[in-house]
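Chemist: Fold the following.
(2 chains)
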2 protein chains.
Amino acid sequence: MGMNSVKGYLQQKENLVNSFLESYLIKPFSPGVLHDAMKYSLLAGGKRIRPILCLTAYEACGGHGEDILPQACAIELIHTYSLIHDDLPAMDNDDLRRGKPTSHIMFGEAMAILAGDALLTDAFRIFSQNNNIPTGRLLSGIHELASAAGVMGMVAGQAQDIISEKLTPDKDTVNFIHSSKTAALIRASAKIGAILSDADTDTITHIAVYGEKIGLAFQVIDDVLDIESSTEELGKPSGSDKKSHKMTYPSVYGTKESKNIAGGLIEDAVRSIKKINGNPDTLVSIAGYLLTRTS
Amino acid sequence: MGMNSVKGYLQQKENLVNSFLESYLIKPFSPGVLHDAMKYSLLAGGKRIRPILCLTAYEACGGHGEDILPQACAIELIHTYSLIHDDLPAMDNDDLRRGKPTSHIMFGEAMAILAGDALLTDAFRIFSQNNNIPTGRLLSGIHELASAAGVMGMVAGQAQDIISEKLTPDKDTVNFIHSSKTAALIRASAKIGAILSDADTDTITHIAVYGEKIGLAFQVIDDVLDIESSTEELGKPSGSDKKSHKMTYPSVYGTKESKNIAGGLIEDAVRSIKKINGNPDTLVSIAGYLLTRTS
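Modeler: Here you go, the predicted structure:
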């Protein structure tokens, strides 16, 4: 797949995800301010890379993506909750996200915490319903999602990220932070697509490794972009990692070596995905595309 | 069942729940401070009324409670997360809970938010695994739990609670707050016991109504105790609802009428639970016991 057709593919899937998310919050509920806060963050844009990977992995194993759209989008609810909570004053204290004021700036801290709690909880409600998919597979998907998002994944990574600020950067710690905080959920996104399609065990493993590698590459590239891109390109202040003394790949390896590491991770991902029983082409193209992103 | 044997029954089930929760957190993970914060709140005591109701409802329908112990205890993880987040400075700003410093006082705000996030997420991981129970029932249980804890239940109730502070108390609002914030999860606790036992639809409904009524009564009694009990008895400052301008049943109905309402709710609960296909005796006794509690 050429670069333009990858872009077209991602745009088409992004539209699919956005239309589900818009319809999800179309019906108002009480209190209205909680609804508004959830909607504000969920529809604030974003690349929707997690649900897209889930849909694409499902299709690589022979399924039709739209059949698992609610499950893929549930992952985006969890990603969105994590951004809201990460931005809180007690955490990273960020005022700007994707060029817009963060949730607590718009709605106050209490409502930002609750909007995050609500999105996290509702992800599991949405995930638990799908008459197209056997119940055992849905249950495995929930187990995978909760494992990746919780104490063995994202939350542990964010906790380590917070307590590592201002510490001397070291390889093990930054690898733990990035593997847990970012790669775990991206890995789960791809793996859940495979689980829901009832792929064989080896294929599920290859897809999980692919997700792990591109997830880590994704975060390393993010670290580099924070240094090399402008505030306009990023939608948030550039150089903010350094300012807040975040432990990043460039802070341990330097910028040039970090780019090499990201390139190597993408190569590993491609090697793994080519081993699946199925059609790896689109996932290969997405991996290559991630290396070229600028925001 | 006489009052003493109810107490003995509750104590026995509480021990069962506590031993599961202790073993759940026996294995350390990184970062240690996140583990410590989760453990601190989870093992801070509490009546374990939600998991006990789940186990008891399951047994009322003919099951053996220990078979669903992980699912019952997952509900306690969700209850515990809600207490940690409710106590945060941006929410109710409480320094004391069950006679001990609250999570953010002990571990700081960031770690308190993350400990809550982790407990909420891990509840669904724990719930998703149980080889004794068919996958379809587990999935229905997850759907029920996420519905009760999220935007159609607990989180909505907490949001309404926060925005109703200092507003003139009215019946509809206080009923929405208590039904959502407290009764929804207690209702779900009993209902999930019935769902996992594969009870018939009518029995599930009667048990859900029972849970709803005792859940609401539980919160009304809580409101009354906040006025009539001492700080020592409560483990938190008495009179705190009035001080923080909370909308409560006594603030709308007065203390005497609130007690009458709680009594009426317990009667409704007992009427409903007597209709089940199964043995309602223990659930009847628990309902009666709730009316007599003093802390």
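Chemist: ok, now which ones touch A:Ile126?
Modeler: The contact partners of A:Ile126, taken as CB atoms under 8 Å, 6 or more residues apart in numbering or on different chains, are A:24, A:70-71, A:73-74, A:77. For every residue, glycine as well, the C-beta is placed using N, CA and C.
Chemist: Look at it and tell me its secondary structure.
Modeler: helix (DSSP: H, G, I helix; E, B strand; the rest coil).
Chemist: heading toward the C-terminus, what's the first helix or strand past the longest helix that chain A contains?
Modeler: Using DSSP state H to assign secondary structure, the helix with the most residues in chain A is helix A:201-228. Helices and strands here follow DSSP states H and E; after helix A:201-228, the next one along the chain is helix A:231-234.
Chemist: That next one - contacts with which helices or strands?
Modeler: When contacts are defined as 3 or more CB pairs under 8 Å, 6 or more residues apart in numbering or on different chains; DSSP states H and E, helix A:231-234 sits against helix A:201-228.
Chemist: Averaged pLDDT, the helix it packs on. What do you get?
Modeler: For helix A:201-228, the mean pLDDT works out to 96.
Chemist: Ok, stretch A:48-65 next?
Modeler: Here the average pLDDT along stretch A:48-65 is 98.
Chemist: picking up where we left off before, quick one: list the elements packing against the longest helix of chain A.
Modeler: Packing contacts for helix A:201-228, counted by 3+ CB pairs under 8 Å, 6+ apart, involve helix A:49-60, helix A:171-178, helix A:184-196, helix A:231-234, helix A:240-243, helix A:249-253, helix A:255-273, helix A:281-291.
Chemist: Pull the residues that contact the fifth one.
Modeler: This points to helix A:240-243. A:94, A:223, A:226-227, A:237, A:246, A:248, A:251.
Chemist: isn't there a helix covering A:Glu165?
Modeler: No. Assessed by three-state DSSP, A:Glu165 does not belong to a helix; its assignment is coil.
Chemist: which ones are touching A:Pro101?
Modeler: Taking CB under 8 Å, 6+ apart as the contact definition, A:Pro101 lies against A:Asp95.
Chemist: returning to what we had before: considering the contacts of A:Ile126, which is situated nearest to B:Asn131?
Modeler: A:Gln71 (22.8 Å; CB to CB).
Chemist: residues contacting the closest one?
Modeler: For A:Gln71, the contacting residues are A:54, A:126-127, A:130, A:133, A:138, A:141, A:192, A:196, by CB under 8 Å, 6+ apart.
Chemist: Just put those residues in a markdown table and tack on distance to A:Arg293.
Modeler: A markdown table is the format used below for these (distance: CB to CB, whole Å):
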| residue | distance to A:Arg293 |
| --- | --- |
| A:Cys54 | 19 |
| A:Ile126 | 28 |
| A:Phe127 | 28 |
| A:Asn130 | 31 |
| A:Ile133 | 31 |
| A:Leu138 | 32 |
| A:Gly141 | 27 |
| A:Ile192 | 23 |
| A:Leu196 | 27 |
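Chemist: which among those residues end up buried?
Modeler: Among these, those classed as buried by 16 or more other CB atoms under 10 Å in any protein chain shown are A:54, A:126-127, A:130, A:133, A:138, A:141, A:192, A:196.
Chemist: re earlier: give me the buried subset of the contacts of helix A:240-243.
Modeler: Restricting those to buried positions leaves A:94, A:223, A:226, A:246, A:248, A:251, with burial counted as 16+ other CB under 10 Å.
Chemist: show me where pLDDT drops low in the stretch 151-295 of chain A?
Modeler: Applying pLDDT under 70 to the stretch 151-295 of chain A flags the ranges A:294-295.
Chemist: Give me every residue in it lying close to chain B.
Modeler: Within the stretch 151-295 of chain A, the positions adjacent to chain B are A:151-152, A:155-156, A:158-160, A:162-163, A:176 by CB under 8 Å from any CB of the partner chain.
Chemist: on that earlier part again, nearest to A:Leu34, out of the helices and strands packed on helix A:201-228?
Modeler: With CB to CB as the measure, helix A:49-60 is the member of those nearest A:Leu34 (22.9 Å).
Chemist: who touches that closest one?
Modeler: Contacts of helix A:49-60 (CB under 8 Å, 6+ apart): A:10, A:13-14, A:16-17, A:65, A:67-69, A:71-73, A:75-76, A:79, A:185-186, A:189-194, A:196-197, A:207, A:211, A:214, A:218, A:273, A:276, A:278-280, A:282-283, A:286.
Chemist: Can you name the element that comes right after it?
Modeler: Heading C-terminal from helix A:49-60, the first helix or strand you meet, by DSSP H and E, is helix A:69-87.
Chemist: Please spell out which residues along stretch A:10-28 are buried.
Modeler: Using 16+ other CB under 10 Å as the test for burial, stretch A:10-28 gives A:10, A:13-14, A:16-18, A:20-21, A:24-25.
Chemist: These in strands, which ones?
Modeler: If you go by DSSP state E, the buried residues of stretch A:10-28 have nothing in strands.
Chemist: Make TSV from the residues you listed and add distance to chain B and pLDDT to it.
Modeler: As requested, the buried residues of stretch A:10-28 are exported to TSV (distance: CB to the nearest CB, whole Å; pLDDT from 0 to 100):
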residue	distance to chain B	pLDDT
A:Leu10	28	97
A:Lys13	26	98
A:Glu14	25	98
A:Leu16	23	98
A:Val17	20	98
A:Asn18	20	98
A:Phe20	17	98
A:Leu21	14	97
A:Tyr24	11	95
A:Leu25	10	91
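Chemist: Identify the residues contacting A:Ser238.
Modeler: A:Ser238 neighbours (CB under 8 Å, 6+ apart): A:226-227, A:229-231.
Chemist: quick one: which of those is nearest to chain B?
Modeler: Ranked by distance to chain B (CB to the nearest CB), these are led by A:Asp226 at 20.7 Å.
Chemist: Quick check: A:Ala90 touching B:Ile113?
Modeler: Yes. Between A:Ala90 and B:Ile113 there is a contact at 6.3 Å, judged by CB atoms under 8 Å.
Chemist: which of these two has more neighbours?
Modeler: B:Ile113 (30 against 21; other CB atoms under 10 Å in any protein chain shown).
Chemist: quick one, the helix or strand that contains the more buried one and helix A:109-127 angle?
Modeler: Using DSSP H and E, B:Ile113 maps to helix B:109-127. Helix B:109-127 and helix A:109-127 are oriented at 20 degrees to each other (axes from the mean of the first three to the mean of the last three CA atoms, to 10 degrees).
Chemist: what angle sits between helix B:109-127 and helix B:69-87?
Modeler: Using the same axes, to 10 degrees: helix B:109-127 against helix B:69-87 is 160 degrees.
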